[in-house]
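In: quick one: sequence plus predicted model below, questions after.
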Amino acid sequence: MSTTDAKIHAPGSSNGDGARHPLSIALLAPCWLTVPPEGYGGIEAMVARLADGLVDHGHDVTLFASGGSETKANLESPYEDAPGMAEAVHKPYLEFPHVLHAYDQADRFAVLHDHTFPIGPSIGSRVEQTAVVHTVHGP
């Protein structure tokens with residue numbers, strides 16, 4: 001087989017036959033607010049658009065976000081309701097079960113895109129079987 005006969009394509013792309021090859025993607029949002037947020041919540045608003053846009057493009061997306069979130073993606077959360085920003089200040093440890101819930105399932109996904117901080121990057125640095133991407137929002 002010559003190099004012109006062998007075509008290599010990234011997952012999620014078209015291989016020239018017009019067919020899309022969807023990725024299995026995990027998005028991990030902070031647990032404090034719903035996705036999308038009811039008011040304040042720039043990170044959650046951006047993650048909501050990203051999740052729905054990826055689903056619209058045919059990808060298999062799982063959103064790890066607080067309960068009460070609304071998305072076109074599959075929603076998973078250890079919390080039935082969003083804990084709220086006051087809890088982020090007074091009980092930051094509440095994010096551990098949320099982040100671990102996602103990372104414990106990392107091998108189900110081709111990509112895990114994490115929007116939490118600082119817990120997520122600390123755990124994600126140890127994941128080997130899945131591509132992990134971190135978007136750190138803020139200063």
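Out: Structure received.

In: tell me where the model's unsure across this structure.
Out: The model of the chain has pLDDT under 70 over residues 1-18, 139.

In: secondary structure element holding Tyr79?
Out: Tyr79 belongs to no helix or strand when assigned by DSSP states H and E.

In: for Phe64, see how far away it is.
Out: 10 Å (CB to CB, to the nearest Å). All C-beta spots, glycine's among them, are computed from the backbone N, C-alpha and C.

In: neighbour-wise, which of these two wins?
Out: Taking other CB atoms under 10 Å, Tyr79 and Phe64 do not tie; Phe64 has more neighbours (29 against 17).

In: which residue packs closest to the more buried one, ignoring adjacent ones?
Out: Ala102 (4.0 Å; CB to CB, 6 or more residues apart in numbering).

In: part of a helix, is that neighbour?
Out: Yes - with DSSP: H, G, I helix; E, B strand; the rest coil as the criterion, Ala102 is located in a helix.

In: could you pull out the strands for the chain?
Out: Along the chain, the segments classed as strands by DSSP state E run 24-28, 60-64, 74-76, 111-114, 131-134.

In: I'd like those written out as CSV, with distance to Ile123 added.
Out: Formatted as CSV, these follow (distance: least, CB to CB, whole Å):
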stretch, distance to Ile123
strand 24-28, 10
strand 60-64, 12
strand 74-76, 16
strand 111-114, 9
strand 131-134, 9
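
In: now for the residue nearest to Phe64, how many residues are close by?
Out: As a measure of burial, Ala102 has 27 neighbours, counting by other CB under 10 Å.

In: swap in Asp56?
Out: 10.
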